[in-house]
Each structure stands twice: as C-alpha cells, then as structure tokens.
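Visitor: Starting from these lines, generate the structure:
(4 chains)
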2 protein chains.
Amino acid sequence: MAFEYEYARPALAVDCAVFGLDESLKVLLIERGLDPFKGSWALPGGFVEMDESLDEAARRELEEETSLNNVFLEQLYTFSEPDRDPRDRVISVGYFALVRLSDHRLQAATDANDARWFDVKKLPKLAFDHAKILQMAKERLQSKVRYQPIGFELLPKKFTLRQLQQLYEVVLERELDKRNFRKKILSMGILKELEEIESGVAHRAARLYRFNKTSYQQLTRQGFNFEI
Amino acid sequence: MAFEYEYARPALAVDCAVFGLDESLKVLLIERGLDPFKGSWALPGGFVEMDESLDEAARRELEEETSLNNVFLEQLYTFSEPDRDPRDRVISVGYFALVRLSDHRLQAATDANDARWFDVKKLPKLAFDHAKILQMAKERLQSKVRYQPIGFELLPKKFTLRQLQQLYEVVLERELDKRNFRKKILSMGILKELEEIESGVAHRAARLYRFNKTSYQQLTRQGFNFEI
DNA sequence: CCAAAAGTGTTCTCCATACACCCATGC
DNA sequence: GCATGGGTGTATGGAGAACACTTTTGG
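Guide: Below you'll find the model as predicted:
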C-alpha cells in the first residue's frame, strides 16, 4: 500500500431499516445470535468489504440475512458516536429500504435467520443505536413519501386508489379526504388505469392502477413536482 | 481489542463543502500540497480520528485548514466508490457548511494554507470525486434553503429585506417578486424589525432585520412550516 | 432636482378543503 | 334487498402570482 496514512481505522458497517406495509407500517428486524446484544433485535446489516461500495454492501447484507433482493434502497445517514459499539470503534452507514410485503411476506418470516416484521409502533428494545437509526429512517420516509413517488415501492404493482390512500394515511399518520385524494393523484397523470378490477371482495370491486414511471419521468423533465 | 472482526478496513475521511455568499454563491477550496492531485483544488477535509465523531472531525479539519469555526455544519452523504482515492480504499463522509462571508472574508483568504473562495459557477477542476460531492452539496442547499431557515447563516446578523431576497435569488437561481417576497417573509413572524437602518448607501436607507430564532422555534412547535 | 432603491395595495386565478350522495357488487 | 365500499361534483376561502406607483435619501 503506497500510502503514508497508517493510523488506526474505525470499522465500517451498514445497517438497513427495511419497511413494509400492510394494515400498519412494519420494519424488518433480525435476532442477534452473538454478543454483544445476543438475543436482542437489530437492524439487518454488517461490515463493509474492501472492494464494494456502501450500496453494494447494504444489498449484500440484506440478501444474506433476509433473502431480500431487488428492493428500493437509499442511503440515510452515517452514525459515528465513538461509543456506539461496545466492542470497538464502529461507524455505521444507515440505509432505508422499502419492500412489497405482497411479494416478500412469507419468505422473510420463514428465513433461517430469525427475521421478523414488527409493527413500527410496537418495537422491541433494539441493539446498539438502532432505535435512533430507525427513528431517523421513519422520519425520512414520512417526509420523502410526500415529495417523491416512492410509496409505490410498498404496494403491489397493481393497486386500487384506496390502497394508495391508505398507504399515505398509515405512513403520514393522518386521515385524507377520499375525493380530494383521488382528484389530486389522478390529475398528476402518473397512474396508468388498468382494465382489470380487484377480486375477492364482498362489494363493488375497485379499478386497479399501476404507477407509470415513464410518464412520471417525462413530467419531471417538464418541471412537474410530485407532492401529496 | 476484544473483537473477532479483524479484516482490512477502509480509511475514513470527511470533506466539507463550505458555502459563502456575496454577489454570487461561493465555495471554499484549498490547494493540495501533496500528491495525489498535488496542486489541484479540493474540498477541505481529512481523516477521522479514533476518538471523535464525524461532526467533530469535520469541525476540526475545517478549523485546521481554514481557521473557520462555529459555522453551520450538517452531514450530507457518504461517498464510497472503491476507486475514489487512487492510493487506497478511502470512504469519505461529505459535509456541507454555511458561513457569513461578512465575518470571515479576509481571514480565509489570507490563511497560511492556500485557501480561496471560488464562485460556484467558475470552479477549477477538483481533486478526487469532490466535484460530485460539491454538486450534491449545492443541490442540498438549494432544496433545504426553501424549507428551513438556514439561509440566515449566509447573511450578516443584521440584514435588509433586499439582502434576504437576493440570497434566495442567488441560491435558487431565479428572480423573485419584491412585493410578494416581503409580504410572505414578514407574514411568517420570524424576523425582528430593528430600529436601525443600513448606512453608507446613496439612496433611501433600508430597515434592518434580524432572524428571530426564538419565535421560529415557538412557531414550529405550533405546526408552522417555513417555506419560500 | 435627479437617480436609485425602499416601501406599499389590489386584482385575479388556482388549488386545497370541506362536504353528501348515487352506484355497483356479493351475499 | 341490504351492506359495503367505489366512485363522483360543487361551493368556498385563502394563498400565490402578477403588476405600478409613491416615498425617501444622498449627491
């Protein structure tokens, strides 16, 4: 290594706050098998390797520990308090991720690691400073979902307007007016109305929609700003 | 070290994009005295020590390299491409900072290190991936200045409404209507109108104002949201 | 008295909000 | 035929945008 900097280095990790949605907002936690915090619940994550970027590390750890791949993933913040890990100096880059529970529900629950979805309002005590990371991730989700169309990452590919509205109601923790919501979201022109309707409901079936990413990108280039 | 994780570790650095404002938006760069990129301009920054947080490292490096202290400083993003430093694996946590040029103008320009303010629209070629860091910092500034009252960090403590308007015009790169701007900002109730007026101008002198942080915090608690 | 910027009021349009009823379907 | 949610229209108020003139001061 042709490099004069030879001081001690902190270890570097990534931790992922993975959100899913059903009736409430859920987060994926794994039970730690080793000390420190053996038996506690923690965010999935692990150490960064020398030849991978942080995004790659986050995706790799997520796949290894929870079998999730191909999820929406975004860097959140880097946590660096010197005493945040009792073993050694460990700096952790927090990520937040969104997954479709409709696609991944059973898989994660039956994984070999003990991974489980928890209601974000009924969390166990978390290892390290993971409660702080999760808190920040939740705040980021709440603000970002309002000005970027990331909420669709939490819904099935085909969804009803009611499902979409409920997504915002659950994430933002407040009720929305049905008529105004529909008017607003439809007027954006970023949804593709499908021919299909939902099935298996004991009342009038709702029309299904799909997020039209192409239209969204087109509109964005023309100065459109998504906002709920 | 009672710790089973003994793999190679990336080095960890911080880099700061420091903004100032006069007629245009400025950024503070330092000339590198050592390879790699000897003679190039770069963001101030350096390696993180084992007993300090990233925020502390950023403040320490800023003080060491540019004599700036007590500035508005906020973590931006962590940059981790494996080849971003040709010497070795170095991960860098980017920060963005805002300073009052009115207080710091001469100091930084005459520092022993060769530090200079550059117009963000007339930048030299930057070392490493610092152009990317700076680009992201500028975007963050442009979006954050609209929904958080951080712009005041760039102005003198006492300022005229015109100065405040120009700040937004320069940062957002678009013109604002004078009457509407004044109406809006005054109606927020976060400025304290001073008895003083500006001096040394060859026309009617404008009233001076001060940002009232206490009022802002009070209003925020009541649900107020700053927005330009 | 002139140049230069400070300071102010009104109109119009559009969008967010609030709100109530009919429609389609499964059971 | 009834319960359940799907789906729609309209009136109101408030805020943003557009716009022009008077006032004050220094030179």
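
Visitor: separation between the residue in chain A that DNA strand D sits nearest to and residue B:46?
Guide: For chain A, the residue closest to DNA strand D is residue A:203, as judged by CB to the nearest atom of the strand, at 2.8 Å. To be clear about C-beta, it is placed using only N, CA and C from the backbone, and glycine gets the same treatment. Residue A:203 sits at a distance of 64 Å from residue B:46 (criterion: CB to CB, to the nearest Å).

Visitor: returning to that earlier point: for the residue of chain A closest to DNA strand D, list the residues it contacts.
Guide: When the contact criterion is CB atoms under 8 Å, 6 or more residues apart in numbering or on different chains, residue A:203 has no partners at all.

Visitor: what helix or strand is it on?
Guide: If you go by DSSP states H and E, residue A:203 is not part of any helix or strand.

Visitor: Quick check, pLDDT for it.
Guide: pLDDT recorded at residue A:203 is 92.

Visitor: mean confidence score for the lengthiest strand in chain A?
Guide: Of all the elements of type strand in chain A, the one with the most residues (DSSP state E) is strand A:11-21. Throughout strand A:11-21, pLDDT has a mean value of 98.

Visitor: Tell me the strands beside it, with direction?
Guide: Here strand A:11-21 has these sheet partners by DSSP bridges: strand A:25-31 (antiparallel), strand A:45-47 (antiparallel), strand A:90-98 (parallel).

Visitor: what's the closest of the ones you listed to residue A:197?
Guide: Closest to residue A:197 of those, according to CB to CB: strand A:90-98, at 25.9 Å.

Visitor: Please work out the average pLDDT along that closest one.
Guide: Computed over strand A:90-98, the average pLDDT equals 98.

Visitor: Just give the nearest non-adjacent residue to residue A:11, would you?
Guide: In space, and not counting its chain neighbours, residue A:11 is closest to residue A:90: 4.6 Å by CB to CB, 6 or more residues apart in numbering or on different chains.

Visitor: Next, count neighbours for that neighbour.
Guide: Residues lying near residue A:90 (other CB atoms under 10 Å in any protein chain shown) number 21.

Visitor: Does DNA strand C have contacts with stretch A:199-208?
Guide: Yes: using CB under 7 Å from any atom of the strand, stretch A:199-208 comes into contact with DNA strand C via A:201-205.

Visitor: For chain A, which residues are neighbours of DNA strand D?
Guide: Residues of chain A lying close to DNA strand D (CB under 7 Å from any atom of the strand) are A:160-162, A:178-180, A:182-183, A:197, A:201-207.

Visitor: Among these, which are located in strands?
Guide: Per DSSP E, the residues of chain A next to DNA strand D map to strands at A:197, A:207.

Visitor: Which residues of chain A lie near DNA strand C?
Guide: So chain A meets DNA strand C at A:177-180, A:183-184, A:201-205, A:227 (CB under 7 Å from any atom of the strand).

Visitor: got a list of what residue A:171 touches?
Guide: Counting by CB under 8 Å, 6+ apart, residue A:171 has contacts A:21, A:25, A:141-142, A:145, A:151.

Visitor: Pull out the buried members of the residues you listed.
Guide: Buried members of those, counted by 16 or more other CB atoms under 10 Å in any protein chain shown: A:21, A:25, A:141, A:145, A:151.

Visitor: Show me how chain A divides into domains.
Guide: For chain A, automatic domain parsing gives the domain ranges A:11-147, A:155-221.

Visitor: looking at these, which is buried most?
Guide: domain A:11-147 (a mean of 18; mean count of other CB atoms under 10 Å in any protein chain shown).

Visitor: Can I get the residues of stretch A:199-208 next to DNA strand C in a markdown table including distance to residue B:173?
Guide: Listed next are those as a markdown table, based on distance: CB to CB, whole Å:
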| residue | distance to residue B:173 |
| --- | --- |
| A:201 | 50 |
| A:202 | 55 |
| A:203 | 52 |
| A:204 | 50 |
| A:205 | 49 |
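
Visitor: related to what we said a few turns ago, quick check: phi and psi at the residue of chain A closest to DNA strand D.
Guide: phi -170, psi -180 (degrees, to the nearest 10).

Visitor: what would the strands paired with strand A:11-21 look like in a markdown table with distance to residue A:54?
Guide: Listed next are those as a markdown table, based on distance: least, CB to CB, whole Å:
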| stretch | distance to residue A:54 |
| --- | --- |
| strand A:25-31 | 19 |
| strand A:45-47 | 11 |
| strand A:90-98 | 5 |
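
Visitor: Cool, thanks, signing off.
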